[in-house]
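Asker: I'll drop the sequence and a predicted model, then ask my questions.
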Amino acid sequence: MSADILLKRVRDPVEEGDGTRVLVDRVWPRGVRKADAAVDRWLKEVA
């Protein structure tokens, strides 16, 4: 069994079939409000 990992930018629009959207970055991106971001998880510890 294998899993596909797709990369997108945080500003990219949500598309059907995106699955779980995870932000891996140490700091929150400038100009992106947390309330508006289509991010399911923010894993700053991984970055």
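Answerer: Now that the structure is in, tell me what you want to look at. Values in this document were obtained by computation on a predicted structure and should not be read as measured data.

Asker: Might you report the residue contacts of residue 38?
Answerer: Going by CB atoms under 8 Å, 6 or more residues apart in numbering, residue 38 touches 13-14, 18, 21. For the C-beta atoms, the positions are set from N, CA and C on the backbone; glycine is no exception.

Asker: quick one: which of these is most hemmed in?
Answerer: Of all the contacts of residue 38, residue 21 has the most neighbours under the rule other CB atoms under 10 Å, reaching 16 neighbours.

Asker: ok so, going back, which members of the contacts of residue 38 occur in strands, if any?
Answerer: Within the contacts of residue 38, no residue falls in strands by DSSP state E.

Asker: Next, format the residues you listed as CSV and append distance to residue 47 and pLDDT.
Answerer: Formatted as CSV, the contacts of residue 38 follow (distance: CB to CB, whole Å; pLDDT from 0 to 100):
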residue, distance to residue 47, pLDDT
13, 23, 93
14, 22, 93
18, 20, 91
21, 15, 95
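
Asker: now, which of those sits nearest residue 43?
Answerer: The closest of the contacts of residue 38 to residue 43 turns out to be residue 21 (CB to CB; 11.3 Å).

Asker: For the closest one, give its distance to residue 12.
Answerer: 9 Å (CB to CB, to the nearest Å).
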